[in-house]
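> Make a model of this:
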Amino acid sequence: MRLILGTLAAAIALSFGARAQPDLALPLPAPAQPQLDLSPFLKNTSLCVFPFLKESARGSADKAYLESIQKTFFDVAKESPLLKDAVLMGPSLCDVRDTACFSDAGKRARCENVLVGSSAAKGNGYVLSVRMVEVARQRVMPGSEVEQVLETDRQADVQAWAEGQACRALQVKCVGKIYVDTDRKDMNIYVDNRLAPRTFKTPEQIAVEPGVHGVRVSVGQRTSLEKKVAVRRNGFSDLIYARQTEKGGLPLTLASELKGGSKPGPSVEVQEGGWSKPVGWTMLGAGALVAVFGGYELAHGNSQVSGANNAAAARGGAYTQSELGTLSSAHTTQTTGVALLVGAGVLLAAGSTLLFAF
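Alright, predicted model coming up:
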């Protein structure tokens, strides 16, 4: 019983404490992203970068996407401190998964390793696959293959993803920036579910690796939907506008979505809900729970007294030692039940006051 009362008291105290100050969402750890790990194999070697292959019919637009991925990996490879040189290869007749064919082509080009990849349509986006082949051993390097679904059909997103993978794999220091235009100081910015530091400049500039990142904002307990934005290395990402609406919504808008129109207007002030009603409901719930236990204790004590009295009356009013012990225990139980009912009444009254008086 003490544990129950202690737990209820703690819940009520936490309810008051939680509403006494602004409620900030805790940052969550970013989801693990697959990435290439090629540094053990590439030091002081030459690399051939093959054109990416299409694994499904998607129309002529695929060619531009695949060429952009190859070119992105090649541009990063030229800056890699691991490699002696990088070679941009022309179209190949090799099948997507024909490691021996790619090895032979790489050998003819005098490359020690070759980078190959493919793209397959999936819903509104692509499944992109990248792997590194050792020419001499005609095998895919251990830990060098990565496959990821990009839920986008925008070429900028594909190129940003490729840059992020290439920069990590080839140990090239690449930095991009996310730009968020917020007009409220109480807006928290999250990038890939990590809380980003704010400078309170307009726009906020958040340094990140190249890639497709998820951005959202929160105010108190309210949060926006996540907006995906492509970030290129040493380049300008799409500007994100974050505003608050009259109903407390927090829509995010990309500058590219405005299509030349004016930027969103300023945020609207919203009256946040106070702490009284949540605490009032908590106290009502606690009061009801305490009343149930109090009623049970009182009824149980009354039953024990009645049983002992009936047994003694049947013997002419003489109580046994066991019955006397039962009566003592029953009186304690009755006292506890009454105390709980009184406490329940106090909680119910206080909860009702918070709900209806404020």
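
> Show me the helices in the stretch 101-250 of the chain, by range?
Remark: helices assigned in the stretch 101-250 of the chain by DSSP state H, counting those that start in this stretch are 155-169.

> In contact with G337, which residues?
G294, G295, Y296, E297, L298, A299, H300, G301 (CB atoms under 8 Å, 6 or more residues apart in numbering). All C-beta atoms are positioned from the backbone trio N, CA, C, and that covers glycine.

> Give me the below-cutoff pLDDT ranges for the stretch 51-200 of the chain.
Judged against pLDDT under 70, the low-scoring parts of the stretch 51-200 of the chain cover residues 55-62, 153.

> on that earlier part again, generate a PyMOL selection restricted to the buried entries among the contacts of G337.
For the buried members of those, the matching PyMOL selection, counting by 16 or more other CB atoms under 10 Å, is:
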select buried, resi 294+297+298+301
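
> Export the contacts of G337 as CSV, with columns for pLDDT.
What follows is these, written out as CSV (pLDDT from 0 to 100):
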residue, pLDDT
G294, 85
G295, 89
Y296, 89
E297, 88
L298, 86
A299, 89
H300, 86
G301, 84
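
> Of the contacts of G337, which is the nearest to S328?
G301 (10.8 Å; CB to CB).

> Distance of that closest one relative to S46?
Distance, G301 to S46, using CB to CB, to the nearest Å: 89 Å.

> again with Y179
38 Å.

> Now do the SS call for the residue of the chain positioned farthest from its centre.
Within the chain, G316 marks the point farthest from the mean C-alpha position, 74.1 Å out by CA atoms, centre = their mean. Assigned with DSSP: H, G, I helix; E, B strand; the rest coil, G316 falls in the coil class.

> Quick check: buried residues in the host helix or strand of A339?
With elements taken from DSSP states H and E, the one containing A339 is helix 321-357. Within helix 321-357, the residues that count as buried by 16+ other CB under 10 Å are 323, 326-327, 330, 333-334, 336-337, 340-341, 343-344, 347-348, 350-351, 354-355.

> still on that earlier bit, return the subset of the contacts of G337 lying in helices.
G294, G295, Y296, E297, L298, A299, H300, G301 (DSSP state H).

> how about those in a markdown table, adding distance to G90?
Below are the ones in helices among the contacts of G337 laid out as a markdown table (distance: CB to CB, whole Å):
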| residue | distance to G90 |
| --- | --- |
| G294 | 84 |
| G295 | 85 |
| Y296 | 83 |
| E297 | 86 |
| L298 | 90 |
| A299 | 89 |
| H300 | 88 |
| G301 | 92 |
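
> of all these, which comes closest to V219?
For these, the nearest to V219 is G294 (41.5 Å; CB to CB).

> Now do the contacts for that closest one.
T336, G337, V338, A339, L340, L341, G343, A344.

> N310 is in contact with E323, correct?
No: counting by CB atoms under 8 Å, E323 does not reach N310; the two are 9.9 Å apart.

> In the stretch 201-350 of the chain, where is pLDDT below threshold?
Confidence mapping of the stretch 201-350 of the chain against pLDDT under 70 gives the ranges 271-277.

> which residue is nearest the middle of the chain?
Residue closest to the average C-alpha location in the chain (CA atoms, centre = their mean): N193, at 4.6 Å.

> these two touch, right, that residue and G214?
Yes: if you go by CB under 8 Å, N193 and G214 touch, sitting 7.2 Å apart.

> What separation is there between S218 and D183?
Noted for S218: a distance of 15 Å to D183, by CB to CB.

> now swap in G176 and tell me
24 Å.

> what about these two, which has more around it?
Using other CB atoms under 10 Å as the criterion, G176 and D183 rank with G176 on top: 24 against 14.

> Now for D104: which residues touch it?
D104 touches nothing, counting by CB under 8 Å, 6+ apart.

> One more: K247?
So K247 contacts V270 (CB under 8 Å, 6+ apart).

> Dig out what Y241 forms beta bridges with.
D181, T253 (DSSP bridges).

> Counting neighbours, what do you get for it?
For Y241, using other CB under 10 Å, the count is 21.

> What of N44?
If you count neighbours by other CB under 10 Å, N44 ends up with 9.

> Nearest residue to it in space, please, no chain neighbours.
K84 (5.8 Å; CB to CB, 6 or more residues apart in numbering).

> quick one: strands adjacent to the host helix or strand of that neighbour?
Here K84 sits within strand 83-88, counting by DSSP H and E. Here strand 83-88 has these sheet partners by DSSP bridges: strand 45-49 (parallel).

> Residues touching the strand it pairs with, excluding its own?
70, 73-74, 77, 82-89, 105-106, 109-115.

> Extract the CA atoms of it and return them as CSV.
Extracted in CSV, the C-alpha atoms of strand 45-49 (Å, rounded to 0.1, in the frame of the first residue of the first chain):
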residue,chain,number,x,y,z
THR,A,45,45.9,2.0,-55.6
SER,A,46,44.2,3.0,-58.8
LEU,A,47,40.4,3.0,-59.1
CYS,A,48,38.2,2.6,-62.2
VAL,A,49,34.7,4.1,-61.8
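
> in the sheet, who's paired with V219?
Assigned bridge partners for V219, using DSSP bridges, are R222.

> I should have written V215 there, sorry.
Beta-bridge partners, per DSSP bridges, of V215: V191, K227.
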